[in-house]
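Undergrad: Predicted coordinates and the sequence they were generated for:
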Amino acid sequence: MADFVGALDQGTTSTRFMIFDRGGAEVARHQLEHQQILPRDGWVEHDPAEIRDRAGDVVAGALERAGLTAADLDSVGIANQRETTIVWDRRTGRPFGNALVWQDTRTRRIVSALERDGRGDVVRRRAGLPPATYFAAGKLQWILENADGARAAAERGDALFGTVDSWLLWTLTGGPDGGVHVTDATNASRTMLMDLETLDWDDELLSFFGVPRAMLPRIRPSSSAEPYGTTRPGGPFGGEVPLTAALGDQQAAMVGQVCFAPGEAKNTYGTGNFLLLNTGTEPVRSEAGMVTTVCYRFGDEPPVYALEGSIAVTGSAVQWLRDQLGVIDDAAQSEALAATVPDSGGAYFVPAFSGLFAPYWRSDARGAVVGLSRFHTSAHLARATLEAICYQSRDVVEAMRADSGVALDVLKVDGGVTANALCMQTQADVLGVPVSRPVVAETTALGAAYAAGLATGFWRGTDELRRNWAEDRRWEPSWDDDRRARGYAGWRKAVERTLDWVEDD
């Protein structure tokens, strides 16, 4: 009897494979980074072949570290960076160029045209999404218009489209030799091509972007007793393992944080920040700049929806301090440097490198540091970077409260940045509510594993998963209301300085 479940977590900067036991405890992991390709200002790409190879390497590495084989795994779930777009040849498996990453802003012309002629309102109503460079459909249109041979291959049925989950599922189950071409409802809901209520591709939305239906994957539940497929015996698992779950990474984190009831929310701190609120089985249409999205769908049960606030640049702003400016040598050093000053000295950093996502949706914005004087040092900049993570999250919390009427009692947090205690304390101070981190901070991978194990009966239900959840640390707010209000007012002024910077093509 298999005693473990695996999770392949493919993120924006790295890929990891994690193995969990029945108690939801980590048994082993292996993680590798991949290249960030930045050919022009606003262009962000990944090499699909490198992602495929990294996935194989981390699977083999984790199994070796744990001393396990494919026979020890009950099932495997996949979590993935969501809107990143790949088009490949079904006959050869060769991609038509690099993947266009969710941060990529080259499709401003495409989404601006939707707004000018009124199609944007149809996208909002059907897909639950504002027309934005963030989502996959504009990226797919760009590839079809610009990648050599892509349009012709799509028209004759030889080109396949997918977000990263589809690419990995196809390659792991055989690729050109019988690979399955599927996605799940959470990832499909990030494309601007799926009707949010029918959970099917919408012909009118497809026509807006010139997308042939034949190149689209079949939409499946996020957790399915009927596996999507099984891994190839000759692949990285070394044997056949059922692939029974796939979720976009932020929805996977909702499952990992056991946010199964309406009103429960979490915030994931990674390359960007993503705050999701479970709204139940009826989609809530946002009036305040939030995204309406599928939270998960388990088997034949009705889909569960969420409101989401997506923030493009948070943890990657810390990477920018490290890689582009050389202010720090590693990400962890940001906390020590920022702690050498009591605050940012009135400086604000708005890291709008890819424009501003929720709740502003302004692709014309660009990053700015404001309020500087000769007094300021690299420590103040580091502190302002951490504060920017927290203020952007407050923007989303305020919008979510306006849409839902729900005021947070506590914010559940997860992701790599939660290791930064100063940042988490600042988050509690900025919001004025406690911040709670679970024992297993890598809840994206855990959620993918939970969804896979629920499908097979490895875990008997969501109540069992709730019993696995445990708090590791809690931060209580220390600022008074006046300081909190002054700080946020300064942040909103700083945001205004970033707008109207980039002109439409």
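TA: Perfect, thanks for sending it.

Undergrad: Quick check: phi and psi on the residue lying closest to residue 218 once chain neighbours are set aside?
TA: The spatially closest residue to residue 218, leaving aside those adjacent along the chain, is residue 182, at 4.8 Å (C-beta to C-beta, 6 or more residues apart in numbering). In short, each C-beta sits where N, CA and C put it, glycine included. With angles defined as degrees, to the nearest 10, residue 182 sits at phi -140, psi 160.

Undergrad: Please renumber the chain so that the first residue is 55 from this point on.
TA: Sure, I'll start numbering at 55, so the last one becomes residue 236.

Undergrad: so residue 236 sits right up against residue 223, yeah?
TA: Yes: assessed by C-beta atoms under 8 Å, residue 236 is found in contact with residue 223 at 5.9 Å.

Undergrad: what's the single longest helix in the chain?
TA: helix 432-458 (DSSP state H).

Undergrad: what comes up buried for whichever helix or strand comes after it?
TA: Downstream of helix 432-458, the first helix or strand assigned by DSSP states H and E is strand 465-468. Neighbour-count burial for strand 465-468, counted by 16 or more other C-beta atoms under 10 Å, picks out 465-468.

Undergrad: Then stretch 539-553?
TA: So stretch 539-553, judged by 16+ other C-beta under 10 Å, has buried residues 541-542, 544-545, 548-549, 551-553.

Undergrad: where do the helices sit along the stretch 455-559 of the chain?
TA: 475-485, 497-510, 516-522, 535-550 (DSSP state H, counting those that start in this stretch).

Undergrad: Report the outermost residue of this structure with respect to its centre.
TA: The outermost residue of the chain relative to its centre, with distances by C-alpha atoms, centre = their mean, is residue 428 at 37.8 Å.

Undergrad: From residue 548, how far off is that one?
TA: Distance of residue 428 to residue 548, computed by C-beta to C-beta, to the nearest Å: 19 Å.

Undergrad: Make sure residue 155 is actually in contact with residue 135.
TA: Yes: using C-beta under 8 Å, residue 155 is in contact with residue 135, at 7.4 Å.

Undergrad: okay, these two: which has more neighbours?
TA: Comparing residue 155 with residue 135 by other C-beta atoms under 10 Å, the one with more neighbours is residue 135, at 27 against 22.

Undergrad: which residues does the more buried one contact?
TA: 64-66, 155-156, 217-218, 303 (C-beta atoms under 8 Å, 6 or more residues apart in numbering).

Undergrad: Kindly present those residues as a markdown table, with separate columns for secondary structure, distance to residue 392 and pLDDT.
TA: A markdown table is the format used below for the contacts of residue 135 (DSSP: H, G, I helix; E, B strand; the rest coil; distance: C-beta to C-beta, whole Å; pLDDT from 0 to 100):
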| residue | secondary structure | distance to residue 392 | pLDDT |
| --- | --- | --- | --- |
| 64 | strand | 30 | 97 |
| 65 | coil | 24 | 94 |
| 66 | coil | 23 | 92 |
| 155 | coil | 28 | 97 |
| 156 | coil | 27 | 93 |
| 217 | strand | 35 | 98 |
| 218 | helix | 33 | 98 |
| 303 | helix | 27 | 93 |
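
Undergrad: Redo these as a markdown table? Include distance to residue 422.
TA: Below are the contacts of residue 135 laid out as a markdown table (distance: C-beta to C-beta, whole Å):
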| residue | distance to residue 422 |
| --- | --- |
| 64 | 32 |
| 65 | 27 |
| 66 | 23 |
| 155 | 23 |
| 156 | 22 |
| 217 | 31 |
| 218 | 31 |
| 303 | 28 |
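
Undergrad: who are the neighbours in contact with the residue nearest to residue 418 when sequence neighbours are not counted?
TA: Spatial nearest neighbour of residue 418, excluding adjacent residues (C-beta to C-beta, 6+ apart): residue 556 at 4.8 Å. By C-beta under 8 Å, 6+ apart, the residues touching residue 556 are 162, 409, 417-420.

Undergrad: Same check on residue 366?
TA: Going by C-beta under 8 Å, 6+ apart, residue 366 touches 157, 188, 326, 406-411.

Undergrad: Can you tell me which of these has the most neighbours?
TA: residue 411 (31 neighbours).

Undergrad: check contacts around it.
TA: Residue 411 neighbours (C-beta under 8 Å, 6+ apart): 186, 188, 326, 363-366.

Undergrad: now, which of the residues you listed sits nearest residue 113?
TA: Proximity of those to residue 113 (C-beta to C-beta) peaks at residue 326, which lies at 25.7 Å.
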